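Q: attaching a predicted model along with its sequence, questions to come.
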Amino acid sequence: MPQGYTVKSHNQPVKRYCQALDLKDSKELIDEYKFWHAPENRWPEIPEGIKAVGILDMELYLLGNRLFMIVETPLDFEWEKAFSELANLPRQAEWEEFMAKFQVAEAGQSSAGKWRLMERIFSL
C-alpha cells in the first residue's frame, strides 16, 4: 500500500511485539483466513478478549503465506501472563482450533504457541 497505514496514538508509552506465522500455501485457505479476519466476519469475543488482557492494538499483515503481527501494549504488560489469560477466555480455544486449519502449526496449540516472536535488528 503506497499510501501507508495510520498509526494509532495511545496517549501513553507502549511496548511493541512483532511476531510471524506461516499460513498453509493455498490461495483458497488464505482467502478464507482473510475473510474471517475482516471486521464484519470476525467473532466479537476475539477482539474483546485481546483488549481484556491489556493489548492496546494488534495488526496483521500478509505477504504470500507469511503473516506478520504487531502487538502494542502498556509498558507494564506481562506477555506470558496475558496470553495465559487469553487462552482461557470465552471462545478463544474454539477460535484457535478453527484457525489451525489455515496455519502451519501443530494441532492444539494456543496463540502463544503458534506465533513466533521476532527479534528487532534495526531501529531508526
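A: Sure thing, it's come through.
Q: give me the low-pLDDT residue ranges for the chain?
A: By pLDDT under 70, the weakly predicted segments of the chain are 1.
Q: the residue nearest to the spatial centre of it pairs with what?
A: Centrality entry for the chain: nearest residue to the mean C-alpha point is M69, 5.3 Å, by Cα atoms, centre = their mean. Assessed by DSSP bridges, M69 has beta-bridge partners Q19, L60.
Q: I figured it hits L60, correct?
A: Yes - between M69 and L60 there is a contact at 5.3 Å, judged by Cβ atoms under 8 Å. All C-beta atoms are positioned from the backbone trio N, CA, C, and that covers glycine.
Q: wait, is L21 part of a helix?
A: No - per DSSP: H, G, I helix; E, B strand; the rest coil, L21 lies outside any helix segment and is strand.
Q: distance of it relative to F102?
A: 10 Å (Cβ to Cβ, to the nearest Å).
Q: buried residues in the host helix or strand of G49?
A: Taking DSSP states H and E as the criterion, G49 maps to helix 45-52. Judged by neighbour count (16 or more other Cβ atoms under 10 Å), helix 45-52 contains these buried residues: 46, 49-50.
Q: may I have that helix exported as CSV, CA atoms only?
A: The C-alpha coordinates for helix 45-52 follow below in CSV (Å, rounded to 0.1, in the frame of the first residue of the first chain):
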residue,chain,number,x,y,z
GLU,A,45,-15.3,-12.4,21.5
ILE,A,46,-11.9,-12.5,20.0
PRO,A,47,-11.1,-8.7,19.8
GLU,A,48,-12.9,-8.2,23.1
GLY,A,49,-10.6,-10.8,24.7
ILE,A,50,-7.5,-9.3,23.2
LYS,A,51,-8.4,-5.9,24.7
ALA,A,52,-9.4,-7.5,28.0
